[in-house]
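In: here's my sequence, what's the structure:
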Amino acid sequence: AAAAAAAGGRGGGRSGADAQRDSHRWSGGGGDEKRAVSDEAVLAGLWRDSCLRMPYDAIYAVYKRRCKLRECGLEFFDVVGCTTLLGFEGPLQSKEMLNMIMSMELPNSLMARYNRMGIGGALQSVGKDKYKNFIKSHRAKVTKDWQTGHITNYEYIMNLNTLAGRSFNDLTQYPVFPWVLADYTSEELDLNNAASFRDLSKPMGAIGEARAAQFRERYEGLEDMAGMGPDSGGMVPFHYGTHFSCAGYVLYYLIRLEPFSRLNATLQGGKFDRADRLFRDIGSSWLSASAENLQDVRELIPEWYSLPDMFTNSNRFDLGTTQRGVKVDDVGLPPWAKGDATEFVRLHRQALESKHVSERLHGWVDLIFGYKQRSKEAQNVYVNCTYEGAVDIESIDDPLVKEATLAQTHNFGMTPARLWHKRPHPVKNVPEPYRVGIGGHGPLSVDVSKLGSQIKGSLSGSGGQGAGAGAGAGAG
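Out: Next up is the predicted model:
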């Protein structure tokens, strides 16, 4: 693994870095024979010697990744949750490393755990079948854990993203999460009202009916062109000319946080985009993505459910002023968030974990990761080059065409690998809230949206200030 990291990995924090840098500052013999070396040579020497070492017993899992439309990447997860994405020269080198890793005894890995549990026979096969069986076993395990309530909706979606090739280390294939709410105007968020939620059985482009009709008309027109044979130019019909996830959308959402703010400015030629085009209001973003903008069918990223800092301009960046004279600073929050980004994330996460979403999440999974990925009936077809395996980049000889194809996928985004090809995703049957412990056992008759505050009040009353603080953290 250390050799692989040296071949394609990234350098980590290492002791003696300054001494190592100084050792490359000078070359030659001792005394007067020493001569100064250029900064470029120093950096080249550091890159040559840099190596991220990962002990075998620290490997938790390894997953195949696509890099520039080729399966030439591997992402290593260690036991403390850190990840390292390696890009190899080509698919052959990547497969060779994967087969070597899968043949090793990795005592703390998922593969070894499944072997001990007798799940799927993941370690009884060899080579590529070994990895294939591991992925199949892991997918079945996390789906069962989700159905039985052992992991949350958030954890389950993150697991699906990982299995489908999404990574925090690749902006072009960043993890994708759903919009789950449709109410960004009320003073109070009612999670017991179905009207508060987005329809998870439809892609974003099919939610607003007026706009959805235009997308269907576009598809039918392109379908007629595709039926013209050679005169069609190889046209493959689609509903949406943009995608639900791409690098630009990630930078758009995270513009207030480094290093994304710097990357955002780089994308725009060294400065931020015009203020009117920046992410500045949650309600407006929802309307744009769900109904108003023909070029916007984007979904969300995990930080919407876990990182309040993305909504506040704590770095005090000058994001400009809109044409209406409004200065762009913190993101505008819905009224029910009471001006508090932390409260917004808490309620947003509560909505994600609600009974309503849990019982309907399978519909969204079918669209993003499942058998409806290219469904005309579900109005869920994107530009063909965004799908896994749609473009054989190795067969393109013309360097200009190859570069244009890669640029197109970077701009449009890439659809996650399909995890379910023919069958619908299983449905989660969510039981009613249940009381265990003090006060007896049985169904709990309580307003779920107020459950957190009730738990907090109960514990603070019986356990003092310390218990109350702990309960508040847990409820949040």
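In: show the contacting residues for Gln323.
Out: Taking CB atoms under 8 Å, 6 or more residues apart in numbering as the definition of contact, the neighbours of Gln323 are Asp276. Every residue, glycine included, has its C-beta placed from N, CA and C.
In: so how far is Leu52 from it?
Out: Remark: distance between Gln323 and Leu52 (CB to CB, to the nearest Å) = 48 Å.
In: what does Pro237 give?
Out: The separation that Pro237 has from Leu52, given CB to CB, amounts to 45 Å.
In: just Leu287 next, same as before
Out: Between Leu287 and Leu52 the computed distance is 44 Å (CB to CB).
In: swap in Phe168?
Out: The spacing between Phe168 and Leu52, counted by CB to CB, is 17 Å.
In: again with Ala61
Out: Going from Ala61 to Leu52 by CB to CB gives 17 Å.
In: just the buried residues of the strand or helix carrying Lys144, please?
Out: Counting by DSSP states H and E, the element that carries Lys144 is helix 127-147. Using 16 or more other CB atoms under 10 Å as the burial criterion, the residues of helix 127-147 that qualify are 130-131, 133-135, 137-139, 141-143, 146-147.
In: for the residue nearest the centre of the chain, which non-adjacent residue is closest in space?
Out: Centroid check for the chain by CA atoms, centre = their mean gives Pro175 as the closest residue, at 0.8 Å. Among residues not flanking Pro175 along the chain, Asn161 sits closest, at 4.0 Å (CB to CB, 6 or more residues apart in numbering).
In: output the contacting helices and strands for the helix or strand harbouring that neighbour.
Out: Asn161 is part of helix 153-163, with elements assigned from DSSP H and E. Counting contacts by 3 or more CB pairs under 8 Å, 6 or more residues apart in numbering; DSSP states H and E, helix 153-163 is packed against helix 127-147, helix 341-352, helix 361-368.
In: compare these and give me the one nearest Ala206.
Out: Ranking those by their distance to Ala206 (criterion: CB to CB) puts helix 361-368 first, at 9.4 Å.
In: what's downstream of the closest one, the next helix or strand?
Out: Assigned by DSSP H and E, the successor of helix 361-368 is helix 399-412.
In: quick one: mean pLDDT over that following helix.
Out: For helix 399-412, the per-residue pLDDT values average out at 84.
In: what does that helix contact?
Out: Identification of contacts with helix 399-412 by CB under 8 Å, 6+ apart yields 68-69, 172, 242-243, 246-248, 382-383, 385-386, 391, 393, 396.
In: contacting residues around the nearest residue to Asp183 once chain neighbours are set aside?
Out: Using CB to CB, 6+ apart and skipping the chain neighbours, the partner closest in space to Asp183 is Ser196 (4.3 Å). Taking CB under 8 Å, 6+ apart as the contact definition, Ser196 lies against 181-183, 186, 189-190, 351.
In: and those residues, which is closest to Asp78?
Out: When the contacts of Ser196 are compared for distance to Asp78, the smallest value, 32.2 Å, is given by Ala351; criterion: CB to CB.
In: wouldn't that closest one be in contact with Asp183 here?
Out: No - if you go by CB atoms under 8 Å, Ala351 and Asp183 don't touch, sitting 9.4 Å apart.
In: re the thing from before, can you flag the weakest of the helices and strands packed on helix 153-163 by average pLDDT?
Out: Of all the helices and strands packed on helix 153-163, helix 127-147 carries the lowest average pLDDT, namely a mean of 87.
In: show me what that one is packed up against.
Out: Taking 3+ CB pairs under 8 Å, 6+ apart as contact, the helices and strands that helix 127-147 lies on are strand 59-67, helix 91-102, helix 110-117, helix 153-163.
In: that one vs helix 153-163, what angle?
Out: 170 degrees (axes from the mean of the first three to the mean of the last three CA atoms, to 10 degrees).
In: adjust the sequence numbering to begin at 13 for everything that follows.
Out: Got it, the first residue is 13 from now on, which makes the last one we talked about helix 139-159.
In: CA atoms only for helix 139-159, dumped as CSV, please.
Out: Once non-C-alpha atoms are left out, helix 139-159 reads as follows in CSV (Å, rounded to 0.1, in the frame of the first residue of the first chain):
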residue,chain,number,x,y,z
GLY,A,139,-9.3,-11.9,-8.1
LYS,A,140,-12.0,-9.6,-9.5
ASP,A,141,-14.7,-12.0,-8.2
LYS,A,142,-13.4,-11.4,-4.7
TYR,A,143,-14.0,-7.6,-5.0
LYS,A,144,-17.3,-8.1,-6.8
ASN,A,145,-18.6,-10.4,-4.0
PHE,A,146,-17.4,-7.9,-1.3
ILE,A,147,-19.3,-5.1,-2.9
LYS,A,148,-22.4,-7.3,-3.3
SER,A,149,-22.2,-8.4,0.3
HIS,A,150,-21.6,-4.9,1.6
ARG,A,151,-24.5,-3.5,-0.3
ALA,A,152,-26.9,-6.2,1.0
LYS,A,153,-25.7,-5.7,4.5
VAL,A,154,-26.1,-1.9,4.6
THR,A,155,-29.5,-2.1,2.9
LYS,A,156,-30.7,-4.6,5.6
ASP,A,157,-29.3,-2.4,8.4
TRP,A,158,-31.2,0.5,7.0
GLN,A,159,-34.4,-1.4,6.6
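In: what separates that helix from the chain centre, distance-wise?
Out: Distance of helix 139-159 from its chain centroid, counting by CA atoms, centre = their mean, to the nearest Å, is 19 Å.
In: can you check stretch 213-226 too?
Out: 23 Å.
In: and stretch 207-219, end to end?
Out: End-to-end distance for stretch 207-219, by CA to CA, to the nearest Å: 13 Å.
In: and for stretch 312-330?
Out: 24 Å.
In: quick check: mean pLDDT across it?
Out: Mean predicted confidence for stretch 312-330 is 97.
In: sketch out the low-pLDDT regions of this structure for me.
Out: Confidence mapping of the chain against pLDDT under 70 gives the ranges 13-62, 131-140, 240-246, 445-488.
In: which parts of it are strands?
Out: Under the criterion DSSP state E, the chain contains strands at 38-39, 47-48, 71-79, 82-90, 95-99, 446-447, 454-455.
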